[in-house]
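1. here is my input, please return the structure:
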Amino acid sequence: MAFDTIIELKEASVFQKDILVLSNVTFSVDRGQFCYLIGRTGSGKSSLLKILYADLPMVDGYGRVAGTELYGIRDKEIPYLRRKIGIVFQDFQLLSDRSVRENLFFVMRATGWRDKIAMEERMVDVLEKVGLGTKAFKMPHELSGGEQQRVVIARSLINDPDVILADEPTGNLDPETSEGIIELMHEISTTGRAVLMATHDYSLFGKFPARILKCQGGKLAEEPYAVESDKNS
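-> From the prediction side, this is the model:
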């Protein structure tokens, strides 16, 4: 794998439960590259992302993410892989009984942070990066949907990951808010991180063009940068 290649899969299979949904998956994503991952519901997008962060096992082929081989990865190695990956979910998954600050501290403690001064500095840094520098002591219910998703993105940046994997991050947001989130994700890729984002929101492609990978007919294929809107995809 080339030094700048952060994600690489070769001839991999993707299953949903016991059903093969994608076969012979071969692609790579380099440092600083932003990619959309598209396809119909059930086409394998989320399952492919889960393989990349080792939530699903890789059953065949070759896979490497941020320097870690996926095939045969041991349970004790998975936490170290996930420190190199930032994951952004559609449904936020914030702790509702804790402030933004405590949500971020929870992740830090879980991934080995102990120095309270360093934790405070990192918390301030990532919140400023996502435009929420004044929101540290807000509770999640006091934030808009877009602000909550920005907290999730801040959380994903805590450990300075090599790659961001985002699964429908604008799925619960209005169009204007979605545009801000996509713009932020593009900005993150310019800092040298690879960003792979599953989405149904084709309306954003024109304003934020990027590489497109499509799950269709059991295969993963490259699409042209400009695609026509397809509400069924």
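2. leaving out chain neighbours, which residue sits closest to residue 89?
-> Once flanking residues are discounted, residue 89 sits nearest to residue 167: 5.7 Å by C-beta to C-beta, 6 or more residues apart in numbering. (Each C-beta comes from the backbone N, C-alpha and C, glycine too.)
3. what about the one you found, how many neighbours?
-> 20 (other C-beta atoms under 10 Å).
4. quick one: the helices in the chain?
-> 45-52, 78-82, 100-110, 116-129, 145-157, 175-189 (DSSP state H).
5. what residues sit buried inside the fifth one?
-> Counting neighbours by 16 or more other C-beta atoms under 10 Å, one finds that the buried residues in helix 145-157 are 146, 147, 148, 149, 150, 151, 152, 153, 154, 155, 156, 157.
6. now the second one: how far from residue 197?
-> Residue 147 sits 19 Å away from residue 197, taking C-beta to C-beta, to the nearest Å as the criterion.
7. ok so, going back, turn the helices of the chain into CSV, columns for distance to residue 220 and mean pLDDT.
-> Output for the helices of the chain, formatted as CSV (distance: least, C-beta to C-beta, whole Å; pLDDT from 0 to 100):
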stretch, distance to residue 220, mean pLDDT
helix 45-52, 7, 95
helix 78-82, 21, 91
helix 100-110, 30, 95
helix 116-129, 31, 96
helix 145-157, 23, 94
helix 175-189, 20, 92
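8. ends of stretch 197-213, how far apart?
-> When the termini of stretch 197-213 are compared using C-alpha to C-alpha, to the nearest Å, they are 10 Å apart.
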